[in-house]
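K.L.:
how would this look folded up:
(one chain, ligands or ions: 1)
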Amino acid sequence: MPMWRLSSSRRAVVIPRFGGPEVLQIRSNVQIPDLEPHHVLVRARAVSINPLDTRMRAGYGRSIFGPLLPLILGRDVSGEVAAVGASVRSLNVGQDVFGALHPTAARGTYADYAILNEEQLTPKPPSVSHVEASAIPFAALTAWRALKSTARIAEGQRLLVLGGGGAVGLSAIQLAAAAGCHVATTCGGRSVNRVLEAGAEQAIDYTAEDIELAIKGQFDAVLDTIGVQETERVGINFLRRGGHYMTLQGEAASLSDRYGLLFGLPAATSILLKKQLQYRYSHGIDYSWTYMRADSEGLDEIRRLMEAGRLKVPVDKTFSISQVKEAHEAKDKKLIPGSLPDLFREGHSVVVEGFIRPHNEVSKDECASNGKKFADKAMELGCYFSATEVLAKHDEKYMPQEVAAAIQRNKAKIEADNVLGGMTKVEAESKEEDNAVKS
Ligand SMILES: NC(=O)c1ccc[n+]([C@@H]2O[C@H](COP(=O)([O-])OP(=O)(O)OC[C@H]3O[C@@H](n4cnc5c(N)ncnc54)[C@H](OP(=O)(O)O)[C@@H]3O)[C@@H](O)[C@H]2O)c1
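P.N.:
Numbers count the residues shown, from 1 in each chain. Below you'll find the predicted structure:
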């Protein structure tokens with residue numbers, strides 16, 4: 001098949017270093033490399049912003065991506081085929097396609113022209129817009145890998161999705177419902193209708209309910225999109241023997257970032273093996289870290305479901321490429337939900353973990369500023385503000401003084417409080433207040 005190309009350079013969003021949205025640069029003369037035989041050059045019409053993009057920008061995966069800087073960000077794309085490599089058979093120039101790059105791919109999709117392998121793309125259904133299509137493949141392929149390749153879900157089985165309100169969670173609900181499974185999920189209040197429409201039979205608002213009391217029965221598989229200690233404990237306790245627990249928050253990248261690839265990867269493997277053995281012995285279940293992987297069979301099935309209107313991921317907002325910084329800022333804020341202050345109630349204690357605990361990929365300044373925002377709001381309302389011991393013990397030096405002081409004051413409370421990892425939980429001080437929280 002002939003190979004042709006419109007131009008030898010393209011406009012792309014590049015990060016020359018890791019950091020906040022301010023590091024994003026739009027460059028106009030980024031070279032388009034020669035296509036290899038299995039490559040497809042896609043003229044991008046829409047790309048989506050995944051949590052992985054913002055995490056990569058902030059330094060997650062620096063052990064892999066650091067030596068490759070400057071990098072083009074982006075995993076998902078929808079657009080039209082502009083050129084194909086010599087061995088490409090299934091796609092033609094001019095065809096509308098969508099797809100996603102592998103999590104560790106050195107190439108990115110935030111560009112006028114993106115390069116993907118043939119099996120990472122599939123024809124876009126005409127009934128779905130480029131914007132809608134670009135929101136789906138990375139998330140849906142992640143869910144596909146967990147449900148179809150790892151848990152091998154089958155009709156009639158029960159699936160619990162912890163964190164069903166996001167792109168991966170919603171995709172998992174729809175894939176499982178299409179396979180004839182019964183799905184229960186946790187999500188924020190704003191996502192309840194969305195997850196029920198997606199096919200969940202039970203939606204538990206983790207901001208208002210005790211999820212352990214609300215979840216009923218046992219499950220064949222649990223997909224944990226949050227993947228903190230608390231959700232892992234809950235997920236594993238609700239599995240039947242022989243069931244599968246799958247978390248999206250594997251530690252291979254973060255440990256490699258911390259200790260280097262040479263020590264980090266073996267450390268991650270040994271943690272994973274230890275957990276697998278431990279849970280097999282204690283609960284009789286399979287434990288796994290699940291990662292997105294390009295899978296042409298999965299992508300074809302995803303396309304068929306999209307065509308049938310049975311797989312959708314809502315798009316919150318669209319931005320032009322020149323607004324990429326604003327787009328990343330908006331996504332960063334969503335990861336630190338702006339609506340959290342609604343949860344604060346006078347006199348209650350608020351425990352926050354995750355958002356203010358510096359991870360490798362989040363800058364210390366960013367964490368400190370988020371922590372301060374929560375502390376200010378809590379103190380303004382006369383709430384207790386506390387954080388986890390991890391934060392108190394290890395990260396005090398990064399905290400603004402007000403936060404450190406609040407942590408210090410509430411230390412006894414910290415130990416007594418319940419920590420809902422990754423999110424905020426309002427703890428009632430008395431029965432009366434308990435009712436007030438729920439009303
Ligand atoms: N391992 C991999 O290959 C892989 C691939 C894709 C994604 N991921 C990771 O998986 C996570 C989810 O990705 P995504 O694309 O679905 O993200 P997303 O679309 O940004 O959704 C995140 C959602 O998580 C929900 N949430 C946060 N804390 C929660 C809690 N404690 N309980 C229940 N729901 C909670 C929120 O839902 P509400 O709006 O309902 O509050 C939020 O909208 C991210 O951390 C991402 O980095 C990993």
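
K.L.:
Which other helices and strands does the top helix by length along the chain contact?
P.N.:
Selection of the longest helix in the chain by residue count, based on DSSP state H, yields helix 252-283. Identification of packing neighbours for helix 252-283 by 3 or more Cβ pairs under 8 Å, 6 or more residues apart in numbering; DSSP states H and E yields helix 62-65, helix 229-237, strand 239-247, strand 286-289. Where C-beta positions appear, they are placed from N, C-alpha and C, glycine not excepted.

K.L.:
Include mean neighbour count when you put the ones you listed into CSV, please.
P.N.:
Listed next are the helices and strands packed on helix 252-283 as CSV, based on neighbours: other Cβ atoms under 10 Å:
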stretch, mean neighbour count
helix 62-65, 19
helix 229-237, 19
strand 239-247, 20
strand 286-289, 18
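
K.L.:
could I get these as TSV with distance to residue 195 and mean pLDDT?
P.N.:
Converted to TSV, the helices and strands packed on helix 252-283 look like this (distance: least, Cβ to Cβ, whole Å; pLDDT from 0 to 100):
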stretch	distance to residue 195	mean pLDDT
helix 62-65	33	92
helix 229-237	16	93
strand 239-247	18	98
strand 286-289	23	98
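
K.L.:
would you list these in JSON lines and tack on distance to residue 9?
P.N.:
Supplementary listing: these in JSON lines, determined by distance: least, Cβ to Cβ, whole Å:
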{"stretch": "helix 62-65", "distance to residue 9": "22"}
{"stretch": "helix 229-237", "distance to residue 9": "45"}
{"stretch": "strand 239-247", "distance to residue 9": "41"}
{"stretch": "strand 286-289", "distance to residue 9": "39"}
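
K.L.:
Residue 123 is nearest to which of these?
P.N.:
Relative to residue 123, the nearest member of the helices and strands packed on helix 252-283 by Cβ to Cβ is strand 239-247, separated by 29.2 Å.

K.L.:
how about the helix or strand hosting residue 195, does it get close to the ligand?
P.N.:
If you go by DSSP states H and E, residue 195 is part of helix 192-198. No - Helix 192-198 does not reach the ligand (Cβ under 6 Å from any ligand atom); its nearest approach is 7.7 Å.

K.L.:
okay, now residue 156: neighbour count?
P.N.:
10 (other Cβ atoms under 10 Å).

K.L.:
Residue 257 now?
P.N.:
Residue 257 - counted by other Cβ under 10 Å - has 21 other residues nearby.

K.L.:
Could you pull up phi and psi at the residue lying closest to residue 166 once chain neighbours are set aside?
P.N.:
Nearest residue to residue 166, sequence neighbours excluded (Cβ to Cβ, 6 or more residues apart in numbering): residue 225, at 5.9 Å. Backbone torsions of residue 225, given as degrees, to the nearest 10, read phi -80, psi -10.

K.L.:
Verify the stated contact: residue 225 with residue 169.
P.N.:
Yes - using Cβ atoms under 8 Å, residue 225 is in contact with residue 169, at 5.0 Å.

K.L.:
Overlap in contacts, these two.
P.N.:
Here residue 225 and residue 169 have 161, 163 as joint contacts, going by Cβ atoms under 8 Å, 6 or more residues apart in numbering.

K.L.:
Following the helix holding residue 195 in sequence, what is the next regular element?
P.N.:
strand 202-205.

K.L.:
coming back round to it: show the contacting residues for the residue nearest to residue 166.
P.N.:
161-164, 166, 168-169, 172, 248.

K.L.:
at 6 Å instead, please
P.N.:
The contact partners of residue 225, by Cβ atoms under 6 Å, 6 or more residues apart in numbering, come to 163, 166, 168-169, 248.

K.L.:
filter the residues you listed by proximity to the ligand?
P.N.:
Checking the contacts of residue 225 against the ligand (Cβ under 6 Å from any ligand atom), the matches are 163, 166, 168-169, 248.

K.L.:
wait, which of these is closest to residue 9?
P.N.:
Distances from residue 9 to these, taken as Cβ to Cβ, are shortest for residue 168 (34.2 Å).

K.L.:
The closest one is in what secondary structure piece?
P.N.:
Per DSSP H and E: helix 167-178 holds residue 168.

K.L.:
who touches that helix?
P.N.:
Residues outside helix 167-178 that contact it (Cβ under 6 Å, 6+ apart): 139-140, 142-143, 147, 153, 159, 161, 163-164, 183, 195, 198-200, 223, 225, 305, 310-311, 313.

K.L.:
Please consider this matter closed, and thank you.
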